[in-house]
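In: Kindly generate the corresponding structure for this input.
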Amino acid sequence: MANIEYRKQTAKQLKKHPPLDTLELTAENGVNTGSNNSASLSKTTLTKSVSRKSFQNHYIPYLAQLAEQEKNEYWRKRSWKVFHCADSLSISEGEYRRKRCKLSECLICQGYKTNQRVKTHLPILQQLKDLHFVTLTVPNVLVCDLRQTIRLMSDTHRSIRDRLRKQGYKARGAKNLEVTFNPDRSDFHPHFHCIVETKEIAKLFVKYWVEAWEKKSVWLSKEAQDCRPFGSKESDLLEAFKYANKIITTNKQDARKIHSWGLYESIKATSGGKGGIRTFQTFGFTRSQFKTEKESATMKVDTSLPEGSYSFVFDKDASFFDYVDLGSGISLTDYQMPKGLSILLNENIV
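Out: Predicted coordinates:
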């Protein structure tokens, strides 16, 4: 918690001149306390949250600008709502509160939701047998076809489950959508990551997937479909349940960039709007069929985090990103953005 005087001055400046679109601060009426389940706040978990927020706050204004250029008020407001997610944090009497946007493209909210999915489904998946990780792909598509293609993929996946059920198979598992952007061709690659019980059913999923698309006169690369044994550790599930939209892309020269247009269109196709896309889904079972331990409704706070009301300070010029007490200037995490990431976010968002 060094440089308190500088941070105190910076905090006062931010309070006087709030960053960017301050009107969106009023869009969040409720206070989200994490969940009805147990939640904990430590310096480590808070630092991860600061890392996610500082990362996304660099590129979100680019998405808001694209929405403004196409006169799309819905996505302009939605982008700023993500930008201001978790802007404030209060810690009092061993509990914490912070406002969250709960939007699917927000890294903070999705990071929380992913952790909740792991907590919920890890005990269940560990009770299933012979898990396999299946990747189901289709050819890259243009932006005008992306949303419809994703819907068609979901319909195809559901028809395969129905086909297996009629054949007497009990297909159980989970699927998660991921969309990547190809900057060299300016097209998109939607695909499913699936966890499937038993090698036999996993291989049938791949076989029937290819057959289903051939009937639609879409010829798939069999090599692009993948089936391999899957572990049931927390790290395995974090990989399987990752975000729907890949943010950092690489081109043929392995240059890492954030292509704001590709990310913007990918988010629009998979999030919100009329008839939202369901990016994550379990199938073949319900939670009530499995015995799992119930979590308490407590929200523990690490005693090393002092009580108070904190605001998130996003200062690109000073490379300072942290929760700060606007009165004293005390910050909570002392987060330092890695140099390589800083270069990416300041020089390679296009």
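In: Give me the next element, helix or strand, following the helix or strand hosting Tyr59.
Out: Under the criterion of DSSP states H and E, Tyr59 resides in helix 43-69. Per DSSP H and E, the first helix or strand lying C-terminal to helix 43-69 is helix 73-83.
In: quick one: the closest residue to Ser342 other than its chain neighbours and Asn182, what's the gap?
Out: Leaving aside its chain neighbours, Ser342 sits nearest to Ser319 (6.3 Å; criterion: C-beta to C-beta, 6 or more residues apart in numbering). Where C-beta positions appear, they are placed from N, C-alpha and C, glycine not excepted. From Ser319 over to Asn182 the distance is 31 Å, taken as C-beta to C-beta, to the nearest Å.
In: quick one on the thing from earlier: who does the helix holding Tyr59 touch, helix- and strand-wise?
Out: helix 73-83, helix 107-125, helix 260-270, strand 308-315, strand 320-324, helix 339-347 (3 or more C-beta pairs under 8 Å, 6 or more residues apart in numbering; DSSP states H and E).
In: Show the average pLDDT along it.
Out: For helix 43-69, the mean pLDDT works out to 94.
In: Dump the strand or helix carrying Ala202 to CSV, keeping only the CA atoms.
Out: For Ala202, the host element (DSSP H and E) is helix 199-215. C-alpha atoms of helix 199-215 as CSV (Å, rounded to 0.1, in the frame of the first residue of the first chain):
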residue,chain,number,x,y,z
LYS,A,199,-16.0,-43.5,-24.9
GLU,A,200,-18.7,-45.2,-27.0
ILE,A,201,-21.2,-42.4,-26.7
ALA,A,202,-18.5,-39.8,-27.3
LYS,A,203,-17.5,-41.5,-30.5
LEU,A,204,-21.1,-41.7,-31.6
PHE,A,205,-21.5,-38.0,-31.0
VAL,A,206,-18.7,-37.3,-33.4
LYS,A,207,-20.0,-39.8,-36.0
TYR,A,208,-23.6,-38.5,-35.9
TRP,A,209,-22.4,-34.9,-35.9
VAL,A,210,-20.6,-35.4,-39.2
GLU,A,211,-23.5,-37.3,-40.7
ALA,A,212,-26.0,-34.7,-39.6
TRP,A,213,-24.1,-31.9,-41.4
GLU,A,214,-23.5,-34.0,-44.5
LYS,A,215,-27.3,-34.2,-44.8
